[in-house]
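Peer 1: the amino acid sequence is not available; the structure is as follows:
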C-alpha cells in the first residue's frame, strides 16, 4: 500500500476569503506544507462542506496532497456553508471557478500553477471551470461527474431521476431551513427519510409516490427554488444546453485524468468526456494528454479508503483496493512539478469485472471490439424467469410476440443499478413478476468478454399514448444469482427527439433505440446472459402514468398493455461489444 503521509507537516488556515467578480465572498480552508516552498496549488470546490466533519470527510484528500508539497484550497461554493450568495446548482460554477483558480494562483507561497480535483458535483465544477480557460489552470482530475445533459442528470434519457433527485433536493432544502432556524419545516422533511442518520438517505416510498410531483415545489419552497425549473424544463432545450459539457469541450485546453467506475450513475459520461476531449480539446497538447481510469465501484468512489466492496452484493477482490490519491499525486507531480509532456499513467486503464483484473488500453472503446447482436426469442410466454424467453445469436424467424400489462400503481421496484446507493443486486425477485419479460441464454461454452458501449433495438407497441420501456442486462451465475450489469429506459414520446417529443400512436409498432452505457465484464463459461424488459424502475425513475400529460402535473394513472416483438421482420436484439478470443 502506498505511503499515506508525505514528508511535510501540514497547517490549515480556516475561512480564507475570496471575492468573486460580482462581489460575492467565498471562503476556503487553505492547507500548507511546512517547507519553504513555493508550491503548486490544488483547488477543490464543493457545495457539501469543506470541513472534515461535513460530508466532505468521506473523500477529503487535502492533508495527503499538502503533505506531499502542495498548497491545497478547499472552498465552499456560492451560497453553501461559509460562503455568501445564493446557491443554484452549477449555474455560477464556471465563472466562480475561474475566479477561484486565479485567486489561488496568487496566494502566498504559490508557484502560480494550479490543478483541480473533486468528485461528483466537484467533478462537474472542474469541467465548467476549464471551459472558461483561466490562465493559471494547468490540469484537472475530474472524478465521477455528469455531462450535464437532459440525457443524464436530473433526467435520464428524458425520464426524471425521481428517487435520488428528490432526496438530494430535500437535503439541500434542509440545509437552507437549518440556516434560517426553521426547525419545524426541517423536521417535516427529515421525517420523510428512510434513515435519518444518512446524509443522502432516500425518501420513504409514500413520499416518492405522491402525485402530482409539482407539489414538491411548494413543499420545498425557497429551500430548493431550482426544483421548479427542473420540472418545468421537461424537454431538451436552452436551459440544458447552457451547462451541457459536450457543447463546451472545444473550449477546454488542459490535460485531464478522467476517473469513473462501472456501477456509477455516470458510466456513460466519464468515457464520453474523455473521448470528447481526446478529439476536440482546444490544443494538440490537451488532446494528447487525456487519460481514462475506470474502476468497479459505485458513485462515491473509495477515494481515501480503498475497498473492494461498497457496490452492493459483490466483492471485487484485492485488485480493486486502489488508493486513488496516490495515482492523482503522480498525475499532479508530472504536470505541476515535472515536464508535463507524455502521460504518467496509461492512456486507458480498465478494471475488467469477472476475472477482476486491470488492463491497459490505448483508446476507448478498445480496438478490435465486435458489436454482436443477441436476439430475443420466445413462444409468446416470456413472462417471468420461469417463462419460455430465450436469448441467442440466432436470428429469429416466425415467432409470436410477448405481452404484459404495466400498472403505474404497481411498479417494478428499484433493485440495485447505476444510481446513488445502488450497485449489484440479485434481479430474480423482479424477474419473477408477471409484468417482466425475461430472455435467458443457455450456459456459455467459453468466457465472453464484453468491453465497450452496449445498445439495444426493441420493437414494441403500447395501448397508451405514452409509456416507458426499461431494459436490464444480467450475468446469471450457475447458482441462479442474476447479477445486474447495465440498465436503461426509453420514454415513448422521446423515441426520436428530446427537443420535439411526439406521443405514440396506440398499437403501432416502433423500433425503440436504447443506450445501456459502457461496461468491461467477462461472462464466464457456464454462466448465462439474461435480458429483461419491463416498463418501470421505481422509485429510481418517476412512473410514466401512460396518459401523455405534462411531467409533474399528472395525478391520473392508466394501465398500458405492452407488446414486444421478436420475429424476422422485427428482430429485437441487444448489441454487445465482444472482445474476440
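Peer 2: That came in fine, so what should we check first? All figures in this text were calculated on a predicted structure; none of them were measured in a lab.
Peer 1: secondary structure class of residue 475, three-state.
Peer 2: Recorded secondary structure, residue 475: strand (DSSP: H, G, I helix; E, B strand; the rest coil).
Peer 1: how about residues contacting the longest helix along the chain?
Peer 2: Longest helix of the chain, by residue count under DSSP state H: helix 162-179. Helix 162-179 is contacted by residues 80, 87, 154, 183, 185-186, 189-190, 192-193, 199-203, 207-208, 213, 216, 220-224, 226-227, 230, 265, 414, 419-421, 538-542 when judged by C-beta atoms under 8 Å, 6 or more residues apart in numbering. C-betas here are computed from N, CA, C, even on glycine.
Peer 1: only whichever of those are buried, select them in ChimeraX.
Peer 2: Buried residues within those, by 16 or more other C-beta atoms under 10 Å, are selected in ChimeraX with:
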select :80,87,154,185,186,189,190,192,193,200,201,202,203,207,208,213,216,220,223,224,226,227,230,265,414,419,420,421,538,539,540,541,542
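Peer 1: which residues in the stretch 301-450 of the chain form strands?
Peer 2: Along the stretch 301-450 of the chain, the stretches classed as strands by DSSP state E, counting those that start in this stretch are 348-352, 357-361, 370-377, 390-392, 402-406, 437-440, 448-462.
Peer 1: what does the stretch 51-200 of the chain give?
Peer 2: Counting by DSSP E, counting those that start in this stretch, one finds strands in the stretch 51-200 of the chain at the ranges 71-76, 110-119, 137-143, 155-156, 159-160.
Peer 1: what angle separates the second one from strand 71-76?
Peer 2: Compare the direction of strand 110-119 with that of strand 71-76 by axes from the mean of the first three to the mean of the last three C-alpha atoms, to 10 degrees and you get 50 degrees.
Peer 1: in the longest helix of the chain, what counts as buried?
Peer 2: Using 16+ other C-beta under 10 Å as the test for burial, helix 162-179 gives 162-177.
Peer 1: which of those sits closest to residue 47?
Peer 2: Looking at the buried residues of helix 162-179 and their distance to residue 47, the nearest is residue 172, at 8.0 Å (C-beta to C-beta).
Peer 1: pLDDT at the closest one, what is it?
Peer 2: We have a pLDDT of 86 for residue 172.
Peer 1: so where is the stretch 401-550 of the chain shaky, pLDDT-wise?
Peer 2: For the stretch 401-550 of the chain, no stretch is flagged by pLDDT under 70.
Peer 1: and the closest residue to residue 443 other than its chain neighbours, its phi and psi?
Peer 2: Among residues not flanking residue 443 along the chain, residue 526 sits closest, at 4.9 Å (C-beta to C-beta, 6 or more residues apart in numbering). Residue 526 has phi and psi values of phi 80, psi -10 when expressed as degrees, to the nearest 10.
Peer 1: for residue 526, give me its contacts.
Peer 2: By C-beta under 8 Å, 6+ apart, the contact set of residue 526 is 443-444, 478.
Peer 1: same deal with residue 555?
Peer 2: Going by C-beta under 8 Å, 6+ apart, residue 555 touches 211-212.
Peer 1: could you redo the last one with a cut-off of 10 Å?
Peer 2: Shown in contact with residue 555 (C-beta atoms under 10 Å, 6 or more residues apart in numbering): 210-215, 545, 547, 549.
Peer 1: same question for residue 544.
Peer 2: Contacts for residue 544 (C-beta under 10 Å, 6+ apart) come out as 159, 406, 408, 411, 462, 464, 466-470, 489, 491-493, 535-536, 551, 554, 557-558, 560.
Peer 1: do you know how far it is from residue 165?
Peer 2: For residue 544, the distance to residue 165 (C-beta to C-beta, to the nearest Å) stands at 16 Å.
Peer 1: can you name the residues that contact the closest residue to residue 78 other than its chain neighbours?
Peer 2: If the residues on either side of it in the chain are set aside, residue 78 comes closest to residue 85, at 4.1 Å by C-beta to C-beta, 6+ apart. Shown in contact with residue 85 (C-beta under 10 Å, 6+ apart): 20, 22-26, 77-79, 92, 96.
Peer 1: for residue 379, what are its contacts?
Peer 2: Applying C-beta under 10 Å, 6+ apart, the residues near residue 379 are 387-390, 399-400, 402.
Peer 1: try residue 182
Peer 2: Counting by C-beta under 10 Å, 6+ apart, residue 182 touches 173-174, 176, 188, 221-223.
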